[in-house]
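Chemist: The amino acid sequence is not available; the structure is as follows:
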């Protein structure tokens, strides 16, 4: 399993600037539609060649003083990556239900991380899950949970703890991932600080 896309340095730069611009506009009260940028590839590049035109999921994570301050994303995108990043950045700043809307003062002290997700595929064997490499999605009994690949590393979990915490995040008992009806999906992501 390997990433099916490449983010070039210019792609990362564009994504980083767009996400920062979206958050700044969000915390200063500007309308999303009035400020959304349009991605235009470099002159010698084809739009189809850039990962920014692919329908890839993304998560935007904000931390303040090393603590989570907002994180929003989409596992499956229904729009080009450049637009998905813009929307998720605004949502991380304003719509994460765990936090009040981000203020301009807080934004000036935040760190920003972006995760660009590859397509989901069924995990053939939970024993093949590698902590730090694979993000996971669990669906079972009408519930679902998701973790980005970096979460188990940040939490210090091994593979089994990762799988059990995924169950808990979905509101399920530990070991639910072992149920025959449980559906476990995995993916890889390109994660970087913007």
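Modeler: Everything's here; your move. The shown structure was predicted, so the numbers you read here are calculated from the model rather than taken from an experiment.

Chemist: From what I see, residue 71 and residue 92 are in contact.
Modeler: Yes: using Cβ atoms under 8 Å, residue 71 is in contact with residue 92, at 5.8 Å. Using the backbone N, CA and C atoms, a C-beta is placed for each residue, glycine as well.

Chemist: Distance from the chain centre to the helix ranked longest in the chain, please.
Modeler: Longest helix in the chain by number of residues (criterion: DSSP state H): helix 9-27. The chain centre lies 15 Å from the centre of helix 9-27; the measure is Cα atoms, centre = their mean, to the nearest Å.

Chemist: avg pLDDT for that helix?
Modeler: The average pLDDT for helix 9-27 rounds to 93.

Chemist: Name the residues of it that come out as buried.
Modeler: Across helix 9-27, burial judged by 16 or more other Cβ atoms under 10 Å covers 11-12, 14-16, 18-19, 21-27.

Chemist: which other helices and strands contact it?
Modeler: Contacts defined by 3 or more Cβ pairs under 8 Å, 6 or more residues apart in numbering; DSSP states H and E place helix 9-27 against helix 32-35, helix 81-94, helix 104-107, strand 110-117.

Chemist: Just give me the lowest mean pLDDT stretch among these.
Modeler: Lowest mean pLDDT within these: helix 32-35, at a mean of 56.

Chemist: Residue 151: which of the helices and strands packed on helix 9-27 is closest?
Modeler: With distances scored as Cβ to Cβ, the stretch of these nearest to residue 151 is strand 110-117 (10.1 Å).

Chemist: outside of stretch 17-34, which residues touch it?
Modeler: If you take Cβ atoms under 8 Å, 6 or more residues apart in numbering as the criterion, stretch 17-34 is touched by 35-37, 39, 60, 62, 82, 85-90, 92-94, 101-104, 106-107, 112, 114, 194.

Chemist: out of the buried residues of helix 9-27, which one sits closest to residue 131?
Modeler: residue 12 (24.4 Å).

Chemist: which residues touch the closest one?
Modeler: Applying Cβ under 8 Å, 6+ apart, the residues near residue 12 are 192, 194.

Chemist: ditto for residue 162
Modeler: Contacts for residue 162 (Cβ under 8 Å, 6+ apart) come out as 129, 131, 136, 147, 151, 152.

Chemist: so it sits in a helix?
Modeler: Yes: assessed with DSSP: H, G, I helix; E, B strand; the rest coil, residue 162 lies in a helix.

Chemist: State the pLDDT value of it.
Modeler: You'll see residue 162 listed with a pLDDT of 98.

Chemist: From residue 191, how far off is it?
Modeler: 16 Å (Cβ to Cβ, to the nearest Å).

Chemist: got any ranges where this structure has weak pLDDT?
Modeler: Regions of the chain meeting the criterion pLDDT under 70 cover residues 1, 31-49.

Chemist: tell me the domain ranges of the protein?
Modeler: Under the assignment automatic domain parsing, the domains of the chain span 9-118, 121-188.

Chemist: hang on, the earlier thing: overlap of the contact sets of residue 71 and residue 92?
Modeler: Taking Cβ under 8 Å, 6+ apart as the criterion, residue 71 and residue 92 both touch 60, 61, 62.
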